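Engineer: okay, here's the prediction I keep looking at, along with the sequence it came from:
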Amino acid sequence: MDDTRKAIRKSKTLNGPFPEFNIYNVSEYPNELFLEWFQEAIDYGVHEPHSMTLSTTDHNGFPDARVLIIKDVDQHGWYFATSSQSEKGKQIDFNPNVAMTFYWSLIGRQVRIRGRAIKMEKELSAQDFLARGTEARAVALIGKQSSILKVHSEFDEALNKQIEILQQNPNLVFPSWTLYRVAAKEVEFWQADENRRHIRLKYCFEGDRWLKKLLWP
């Protein structure tokens with residue numbers, strides 16, 4: 001244990017080289033710069049670049065966070081999906097203000113998004129659900145996410161049962177499955193530098209337009 005604790009302290013960080021970030025030649029819109037960075041993450045071979053940390057708060061004001069995948073990005077926002085009856089769904093109902101964090105260590109880049117999670121139309125939520133794999137849909141249809149599981153065999157039984165149901169009714173949609181759009185208020189792009197000369201560019205939506213601001217590292 002002591003050796004492991006020492007290894008934590010000795011672990012190296014920000015081992016480049018990293019791609020260049022030209023702050024004087026960027027889009028006026030954060031979603032466009034995000035898509036450029038996302039494509040670079042793909043080109044560099046970043047593993048699962050679509051994974052992100054979604055942060056919410058519960059009824060007691062405690063923060064909560066978990067890793068999800070982004071479904072789409074456009075001029076209106078960033079999209080993800082989950083059950084509205086899950087813990088995160090309930091937290092969003094209580095307080096729709098959320099944060100999303102992407103970190104691509106291979107290229108030393110982080111994107112932080114703060115905004116409001118908005119439920120999309122049922123038709124779009126249904127389309128998203130039906131686009132999932134069979135087992136992913138079956139797990140959702142069990143409808144017991146975050147509930148206490150006494151023995152793992154109960155999960156296997158429930159999963160197999162839902163798979164059978166889907167085989168009989170492949171267009172079945174979980175009623176509480178919800179596609180959310182995060183309407184961003186702030187989007188920060190962070191580019192790491194091996195010598196700690198990091199670059200931080202923040203987009204803020206003020207009035208009816210996006211403003212760009214450089215931040216101290």
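Structural biologist: Arrived safely, thanks for sending.
Engineer: please make it C-alpha for all contacts and neighbour counts, starting now.
Structural biologist: Noted.
Engineer: quick one: buried residues of the longest helix seen in the chain?
Structural biologist: Assignment by DSSP state H gives helix 152-168 as the longest helix of the chain. Neighbour-count burial for helix 152-168, with 16 or more other C-alpha atoms under 10 Å as criterion, is recorded at A158, L159, Q162, I163, L166.
Engineer: mind listing the helices for the chain?
Structural biologist: 2-10, 30-43, 87-94, 122-130, 134-142, 152-168.
Engineer: in the first one, which residues are buried?
Structural biologist: By 16+ other C-alpha under 10 Å, helix 2-10 has no buried positions at all.
Engineer: okay, and the beta partners of the residue positioned nearest the centre of the chain?
Structural biologist: The structure's the chain has its C-alpha centroid closest to M52; by C-alpha atoms, centre = their mean the separation is 3.2 Å. With DSSP bridges as the criterion, M52 is bridged to L68.
Engineer: who's in contact with it?
Structural biologist: By C-alpha atoms under 8 Å, 6 or more residues apart in numbering, the residues touching M52 are V67, L68, I69, I70, M100, T101, F102, Y103.
Engineer: count of neighbours near the third one?
Structural biologist: By that I understand I69. 16 (other C-alpha atoms under 10 Å).
Engineer: for P217, give its distance to C204.
Structural biologist: 17 Å (C-alpha to C-alpha, to the nearest Å).
Engineer: who has more neighbours out of these two?
Structural biologist: C204 (19 against 12).
Engineer: please name the nearest non-neighbouring residue to that one.
Structural biologist: Of all residues beyond its chain neighbours, the one nearest C204 is E186 (4.6 Å), with distances taken as C-alpha to C-alpha, 6 or more residues apart in numbering.
Engineer: which ones are touching the one you found?
Structural biologist: R112, I113, R114, G115, K202, Y203, C204, F205.
Engineer: name the nearest residue to the fourth one, ignoring sequence neighbours.
Structural biologist: By that I understand G115. A184 (4.1 Å).
Engineer: I'd say that neighbour and I113 touch.
Structural biologist: Yes. Using C-alpha atoms under 8 Å, A184 makes contact with I113 at a distance of 6.4 Å.
Engineer: poorly predicted segments of the chain, please.
Structural biologist: For the chain, no stretch has pLDDT under 70.
Engineer: pull out the buried positions in the longest strand along it.
Structural biologist: Counting by DSSP state E, the longest strand found in the chain is strand 177-191. Buried residues in strand 177-191, defined by neighbour count with 16+ other C-alpha under 10 Å: 177-184, 186-191.
Engineer: what of stretch 16-31?
Structural biologist: F18, F21, Y29, P30, N31.
Engineer: for V111, give the beta-bridge partners.
Structural biologist: Counting by DSSP bridges, V111 forms beta bridges with F102, F189.
Engineer: quick one, what contacts it?
Structural biologist: F34, T101, F102, Y103, V187, E188, F189, W190.
Engineer: reformat the residues you listed as a markdown table; add distance to N171.
Structural biologist: Formatted as a markdown table, these follow (distance: C-alpha to C-alpha, whole Å):
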| residue | distance to N171 |
| --- | --- |
| F34 | 33 |
| T101 | 33 |
| F102 | 32 |
| Y103 | 35 |
| V187 | 37 |
| E188 | 39 |
| F189 | 40 |
| W190 | 42 |
